[in-house]
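Undergrad: take this sequence and fold it.
(3 chains)
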Amino acid sequence: MRIGYACLTVGVLETNFKSCMVKNSNEKKLLEIIEYNLKSLNNIIDYNIENNIKLFRISSDLIPLGSSSVNNIPWWEVFSSQISSIGSKIREADMRVSMHPGQYTVLNSPNEDVVLRAIQDLNYHNRILDSLGMDRKSKIILHIGGVYNNKEKAIKNFISNFQLLAQEIKERLVIENDHKSYNIGEALEIGRTLNIPVVFDNLHNEVLPCDISKDDQYWIRQCKETWEKEDGPQKIHYSQQDKGKRSGAHSNTIEIEQFMNFVGKIDDNIDIMLEVKDKNLSAVKCINSISKSKKIKALEVEWSKYKYNILEHSHLHYNKIREILKNKNEYPVIEFYKLIEEALNIEETIGSTVNAVLHIWGYFKSTATEDEKSKFIKLLKSYEEGKKPKDSLKKFLGKLAFKYEEYYLLNSYYFYL
DNA sequence: TGGGGTCAAGCACGG
DNA sequence: CCGTGCTTGACCCCA
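TA: Take a look at the predicted model:
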């Protein structure tokens, strides 16, 4: 079982992507952004390897305006050495990468131009995976598209337009149920017809069920049959509902107890792509939680990254977690993450925020310049008086962390959660 | 016509 | 000049 996350990281340095608007684009700018983004991807892959993350979705924004004719740079040739070196790392690590065009890539549209652009977009995605040297187990996951007042016809359109794709793209393509138009039963029907795999998305199925008498495990078993040996292990998407938001909205983090309950009921030979706001943080959480061999060291590393966030929310939880990490022979992973989740759900107070801020300030108070000291005191005072938001204080500290190269802080989640 | 989804770019403001 | 906060872009379907 591999567990992974999509596209972006939280709290990992130099892994962001740049983009550019059509009206400002030129060759020089595009080349700069491509080079920058490839470096970021390289750093993400390094991070994944260090953290034993073996499943990852590559962002469609890797190449700016990648499927548009505005960008006619043969980037796969210009940057072939950078790309193939990233590809080698991925293969050596036995990492599985995939891609997922968004809701605007619509293969079954009655509008010919839209279909043409969808094909171009799929070519673009395929080119990335190809130039990385990935085999057909690296999938491109696509939604089925629109309904156009006639679902039967729309499905037929999807099936016939699929035939317009190049063979290697047909071999990579995977379809997924969505939360608006096509439920898992319909996705399965199309998948069986075209003989392509189907990804089951649990939250989409919750929002747009096919048959409420069937549980997730049933649909996962059904989808399993669409995955052939050459496609690699079955993949599913897993996410949890953000309770404060509209139905279908992804939660900030994967609640570990709910996840363990889910994972306990499914086959071990399944790859799970998490769709969640805190990205790699939840991936690491889930990987640590299903690990059978992990040592407490893994939790200590996690603790070093979370601790100032926990302090910011709840001193009580801060102490509790320190307590459960004392016994070096145990591995209280679920309890650990439950306490983290609980603490982060507690609304921070001005007092608890200031407490954490002062801990962070401790890194700088002897080295900061007089200017920085007075600015800090001023900022802290206006925060306490409710005149400035917490973020401006944290941003200021973040800049100091950069300037004074406090990597312990920069690699923690304090500035990102 | 605007919502839906997402992030970073771009812009307009304030000090 | 800086930092902050709001709007726009890129994409298409659907009510």
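
Undergrad: how about the spatially most central residue of chain A, phi and psi?
TA: The structure's chain A has its C-alpha centroid closest to A:A6; by Cα atoms, centre = their mean the separation is 2.6 Å. When read as degrees, to the nearest 10, the backbone of A:A6 gives phi -110, psi 120.

Undergrad: neighbours of the closest residue to it other than its chain neighbours, how many?
TA: Distance criterion Cβ to Cβ, 6 or more residues apart in numbering; nearest residue to A:A6, sequence neighbours excluded, is A:R57 at 4.1 Å. Where you see a C-beta, it was placed from the backbone N, CA and C, and this is true even at glycine. A:R57 is flanked by 21 other residues according to other Cβ atoms under 10 Å.

Undergrad: beta-bridge partners for A:R57, please?
TA: A:A6, A:S98 (DSSP bridges).

Undergrad: my guess is it contacts A:L8. True?
TA: No. Using Cβ atoms under 8 Å, A:R57 is not in contact with A:L8; the gap is 9.6 Å.

Undergrad: mind exporting the C-alpha coordinates of whichever strand or helix holds A:I33 to PDB?
TA: Assessed by DSSP states H and E, A:I33 sits inside helix A:27-50. What follows is helix A:27-50, C-alpha atoms only, in PDB (Å, rounded to 0.1, in the frame of the first residue of the first chain):
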ATOM      1  CA  GLU A  27       9.900  33.000 -24.300                       C
ATOM      2  CA  LYS A  28      12.400  34.300 -21.700                       C
ATOM      3  CA  LYS A  29       9.800  34.400 -18.900                       C
ATOM      4  CA  LEU A  30       8.400  31.000 -19.800                       C
ATOM      5  CA  LEU A  31      11.900  29.500 -19.800                       C
ATOM      6  CA  GLU A  32      12.700  31.000 -16.400                       C
ATOM      7  CA  ILE A  33       9.500  29.700 -14.900                       C
ATOM      8  CA  ILE A  34       9.900  26.200 -16.400                       C
ATOM      9  CA  GLU A  35      13.400  26.000 -15.000                       C
ATOM     10  CA  TYR A  36      12.200  27.200 -11.600                       C
ATOM     11  CA  ASN A  37       9.300  24.800 -11.500                       C
ATOM     12  CA  LEU A  38      11.500  21.800 -12.400                       C
ATOM     13  CA  LYS A  39      13.800  22.700  -9.500                       C
ATOM     14  CA  SER A  40      10.800  22.800  -7.300                       C
ATOM     15  CA  LEU A  41       9.600  19.400  -8.600                       C
ATOM     16  CA  ASN A  42      13.100  18.000  -8.000                       C
ATOM     17  CA  ASN A  43      12.900  19.300  -4.400                       C
ATOM     18  CA  ILE A  44       9.500  17.700  -3.900                       C
ATOM     19  CA  ILE A  45      10.800  14.400  -5.100                       C
ATOM     20  CA  ASP A  46      13.700  14.600  -2.800                       C
ATOM     21  CA  TYR A  47      11.400  15.400   0.100                       C
ATOM     22  CA  ASN A  48       9.100  12.500  -0.800                       C
ATOM     23  CA  ILE A  49      12.100  10.100  -0.900                       C
ATOM     24  CA  GLU A  50      13.300  11.400   2.500                       C
END
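
Undergrad: what sits up against stretch A:254-266?
TA: Stretch A:254-266 is contacted by residues A:1, A:202, A:216-217, A:220, A:236, A:238-240, A:272, A:274, A:276, A:282, A:285-286, A:289-290, A:334, A:337-338, A:341 when judged by Cβ atoms under 8 Å, 6 or more residues apart in numbering.

Undergrad: among those residues, which are located in strands?
TA: If you go by DSSP state E, the contacts of stretch A:254-266 have A:I236, A:Y238, A:I272, A:L274 in strands.

Undergrad: so what are the domain limits for chain A?
TA: Listed by the TED database, the domain ranges of chain A are A:2-290, A:296-345, A:350-411.

Undergrad: of all those, which one is nearest A:L417?
TA: Among the domains of chain A, the nearest to A:L417 by Cβ to Cβ is domain A:296-345 (4.9 Å).

Undergrad: the closest one: how far from the chain's middle?
TA: Taking the mean of its C-alpha atoms, domain A:296-345 sits 23 Å from the chain's own mean (Cα atoms, centre = their mean, to the nearest Å).

Undergrad: gap between the two ends of it?
TA: Terminal residues of domain A:296-345 are spaced 24 Å apart (Cα to Cα, to the nearest Å).
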